[in-house]
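1. With the sequence up front, the predicted model follows.
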Amino acid sequence: MSMAFISHIYIPSAFKKLMGEYAVLAPIKKNENVFLEVLQETNLDQLHLNSSRLNFPFKSWFFLPKEKMLEYRLNKKAMDVKSAVEEMRETILIGLKECDVKAIDLLDKVFLDDIKDVYYENKRKNTILVTADCTEALETCFCTKMGLKPYPEKGYDLNLSAVEGGFLIECGSEKGKEILESINEFVEEPTKQQLKEREKNRKKVYQKLSRKYKFKDDLKTLILSSTEEFWEKLSEKCVECLGCTYICPTCHCFYVSENDWRRIRTWDSCLSEAFQKVAGGANPRARLASRLKQRFHDKFVFFKEKYGEYACTGCGRCIEVCPGGIDITEVLKELESQEGGK
Amino acid sequence: MENPYLPKIAKIINVKQETPIVKTFTLKLEEEFHFKPGQFVELSVFGVGEAPFGLSSSLYTTDKFEVSVMKAGKLTEALHSKKTGDYVGIRGPYGNGYPVEKWVGKNITIVGGGIGLSPLRSLILYLINEKEKYKNIWLLYGAKTPHDLVYKEELAQWRDSLNVNVSVDVSDENWVGNVGVVTILFDIVKIPPSENISVVCGPPIMMKFVVRNLTKIGFTSENIYLSLERMMKCGIGKCGHCNIGKYYVCQDGPVFTYEQVKDIPSPF
């Protein structure tokens, strides 16, 4: 079976069964806030199957905000250095949307190219992705402008589509099939009506999103057309909180430091003033404008040249988080109007 | 899973004081170490951190290798306090290195500033060994004062194989050589630009002016090679720190032609 229907009534039982076999990491709603938590009997009733993308990026599971890389131990005069990759339980991750799986695909390009980042690889290998169609579009969503659809077509193990009375479950991998098999007693064959309903829902959300923004497809050329003055002007709005880079599902920069005989990495941001400062004192991107320019160029020019795709999924989290009111879609639109005026 | 962030333990087998703030460390791993001139290693001082340093020794020596380190911050200060017999961590070699095969049959002009001579020394030791493959070799080297010149004895030895010219910005009572920034050497030595490859390493401001001089003489931007320095953390193209334009200095560099980087703002 590669597609099945599960009724709302059986969802808790299905999860309970999976919880015995796997760790299940799912969005849990507490006082209007949603967190990723390990699903347990005690919080099962707070499980929040989100209708649109969550406000935090899922990279925080695969690439922790703060992560131990190495541990040292003094051994006579020399040093024992131990890699801090830990054995982990196979984990089912719930709550991802198309923009989230796309972001993981983009992070894979960075972390799993010929030199593999073992910490990321370990998490990635042991995580089962359960995605779901978006049934709503947020005010800030612009995924369709980045060539995405509000429902995943690949990159997942299982995908859920909300239909009347429950969910359609589609398998995207052998692992997905295995899981669906293990909850066999809770699912049934989907009806034609349900499949039709899924198509209708998908179309509805897609159209809602498609209407929202209209800007050029060749964003690389658009960004390359920018002037220094443009970034200077934009920098007046930026308060350097670095929020956009931390909340961005594709930003992967990190800093490495030592603490108590441990080597630790933490998320870092190309918008931070010290990002490229060297011990000798030189700082090639001392100006905020040059750092903002870098961020946009990296997303739409450099990543495209290096990996063939834009490093933006249109999730719009950076718009939501910015206290200075910088809106990436507005930036692109403004550039377009300037380019048109040339 | 092999962890690319896991350093190997190296023993410091010699420390040489080059200048008041530069020391050359000779390091030995348990295994052989192979590299190309222009490449670098990530060196760990455990408990303090890790930073990239250019390899300065000869590629023909594989049982040990050297890095020359200027005291400039917390990590280099801690490294300077290390003695023979102490241990550090090593990852690498990383980076592209100098494309020496491409330069066969050509003249080579090496321009170094201060501690920038460190990766160039590795290149010079290679070129001396492969002298018959290349035409004339010039070395133009400048430092702030006579005390800041690194590899002093070797500079004298290299005169047998290459045309060595040295200048200091500020002289002292014992100095009898050229005085002035390194670019004054372009007025003293006649460098023919044709069939000539220039290799530059030094502080940003020095590189900027050297490139300007080289261009004036007639060097094309494809024939000017630069070793760039950037803040680096991982050394393997993940952490994003050394990004310039579409390149990562750690993987696509640290050696770039001027042609590759001339359109990037503050390339040096």
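-> That came through fine.

2. CA atoms for contacts and neighbours, from now on please.
-> OK.

3. My understanding was that residue A:172 contacts residue A:160; is that so?
-> No: in this structure, residue A:172 is not within contact of residue A:160 by Cα atoms under 8 Å, at 10.8 Å.

4. Just want to know which of the two has more residues nearby.
-> Set residue A:172 next to residue A:160 and count neighbours by other Cα atoms under 10 Å in any protein chain shown: residue A:160 wins out with 26 against 20.

5. A strand includes that one, no?
-> Yes: assessed by DSSP: H, G, I helix; E, B strand; the rest coil, residue A:160 belongs to a strand.

6. So the closest residue in space to it that isn't next to it in sequence versus residue A:69, what's the distance?
-> Nearest residue to residue A:160, sequence neighbours excluded (Cα to Cα, 6 or more residues apart in numbering or on different chains): residue A:132, at 4.4 Å. With distances taken as Cα to Cα, to the nearest Å, residue A:132 is found 32 Å from residue A:69.

7. what about these two, which has more around it?
-> Legend: neighbour count by other Cα under 10 Å for residue A:132 and residue A:69, higher for residue A:132 (29 against 21).

8. list the contacts for the residue nearest to the spatial centre of chain B?
-> The centroid of chain B falls nearest to residue B:119 when counting by Cα atoms, centre = their mean (2.3 Å). Applying Cα atoms under 8 Å, 6 or more residues apart in numbering or on different chains to residue B:119 gives the contacts B:37, B:38, B:39, B:54, B:55, B:56, B:201.

9. Please flag which of those sit within strands.
-> B:54, B:201 (DSSP state E).

10. which residues in the chain form helices?
-> Let's take chain A. Per DSSP state H, chain A carries helices over the ranges A:11-21, A:59-62, A:98-111, A:118-125, A:174-182, A:192-210, A:219-224, A:228-235, A:243-247, A:288-297, A:303-307, A:317-321, A:328-340.

11. looking at chain B here, not the other one
-> B:74-80, B:117-129, B:152-158, B:185-188, B:204-217, B:249-252, B:258-261.

12. Show me what from chain B comes close to chain A.
-> B:1-7, B:9, B:46-49, B:72-73, B:86-87, B:204, B:230-231, B:233-234, B:236-242, B:245-247, B:266-268 (Cα under 8 Å from any Cα of the partner chain).

13. Type out the PyMOL command that picks the buried ones from these.
-> In PyMOL, this line selects whichever of these come out buried by 16 or more other Cα atoms under 10 Å in any protein chain shown:
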select buried, chain B and resi 3+4+5+6+7+9+46+47+48+49+86+87+204+230+231+233+234+236+237+238+239+240+241+242+245+246+247+267+268
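
14. how does the chain divide into domains?
-> Since no chain was named, I'll use chain A. Following the assignment in automatic domain parsing, chain A carries domains at A:3-210, A:219-340.

15. that's the other chain; I wanted chain B
-> According to automatic domain parsing, the ranges for chain B are B:8-93, B:100-227.

16. follow-up on the earlier one: quick check, nearest of the contacts of residue B:119 to residue B:115?
-> Minimum distance to residue B:115 across the contacts of residue B:119 is 8.6 Å, recorded for residue B:201 (Cα to Cα).

17. That closest one and chain A, how far apart?
-> 15 Å (Cα to the nearest Cα, to the nearest Å).

18. so that residue makes contact with residue B:224?
-> No: Residue B:201 lies out of contact with residue B:224 (Cα under 8 Å); the separation is 10.8 Å.

19. Give me the more crowded residue out of these two.
-> Of the pair residue B:201 and residue B:224, residue B:201 is the one with more neighbours under other Cα under 10 Å, namely 27 against 22.

20. still on that earlier bit, may I see the helices of chain B organised as JSON lines, with mean pLDDT added?
-> Shown next, in JSON lines, are the helices of chain B (pLDDT from 0 to 100):
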{"stretch": "helix B:74-80", "mean pLDDT": "96"}
{"stretch": "helix B:117-129", "mean pLDDT": "97"}
{"stretch": "helix B:152-158", "mean pLDDT": "94"}
{"stretch": "helix B:185-188", "mean pLDDT": "93"}
{"stretch": "helix B:204-217", "mean pLDDT": "94"}
{"stretch": "helix B:249-252", "mean pLDDT": "95"}
{"stretch": "helix B:258-261", "mean pLDDT": "95"}
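
21. Among those, which comes closest to residue A:277?
-> helix B:204-217 (12.8 Å).

22. residue ranges with poor pLDDT in chain A?
-> Scanning chain A with the threshold set as pLDDT under 70 gives A:1, A:77, A:211-216, A:340-342.

23. ok, longest strand in it?
-> Taking DSSP E as the criterion, chain A has its longest strand at strand A:66-75.

24. Paired strands for that one, with orientation please.
-> strand A:78-83 (antiparallel), strand A:262-267 (antiparallel) (DSSP bridges).

25. Any chance you could list what contacts it?
-> Strand A:66-75 is contacted from outside by A:79-85, A:119, A:261-267, B:5-6, B:46, using Cα under 8 Å, 6+ apart.

26. List only those of these flagged as buried.
-> Among those, the ones that count as buried (16+ other Cα under 10 Å) are A:79, A:81, A:83-85, A:119, A:261-267, B:5-6, B:46.

27. picking up where we left off before, what's the offset of the longest strand of chain A from the middle of its chain?
-> Averaging C-alpha positions (Cα atoms, centre = their mean, to the nearest Å) puts strand A:66-75 28 Å from its chain's average.

28. quick one: buried residues of it?
-> In strand A:66-75, counting by 16+ other Cα under 10 Å, buried: A:67, A:68, A:69, A:70, A:71, A:72.

29. Now find how far off-centre the worst-scoring helix or strand of chain B on mean pLDDT is within its chain.
-> The weakest-scoring helix or strand in chain B, judged by mean pLDDT, DSSP states H and E, is strand B:243-244 (a mean of 90). Mean-position distance between strand B:243-244 and its chain equals 19 Å (Cα atoms, centre = their mean).

30. Dihedrals phi and psi, residue B:58?
-> Per-residue torsions, residue B:58: phi -80, psi 140 (degrees, to the nearest 10).

31. So for it, what pLDDT did the model give?
-> On pLDDT, residue B:58 comes in at 97.

32. Could you tell me how many residues sit around it?
-> So residue B:58, with other Cα under 10 Å, has 22 neighbours.

33. How about it, nearest residue that isn't a chain neighbour?
-> residue B:122 (5.2 Å).

34. thinking again about what came up before, quick one: which of the helices of chain A is nearest residue B:150?
-> Among those, helix A:288-297 sits nearest to residue B:150 (Cα to Cα), with 35.2 Å.
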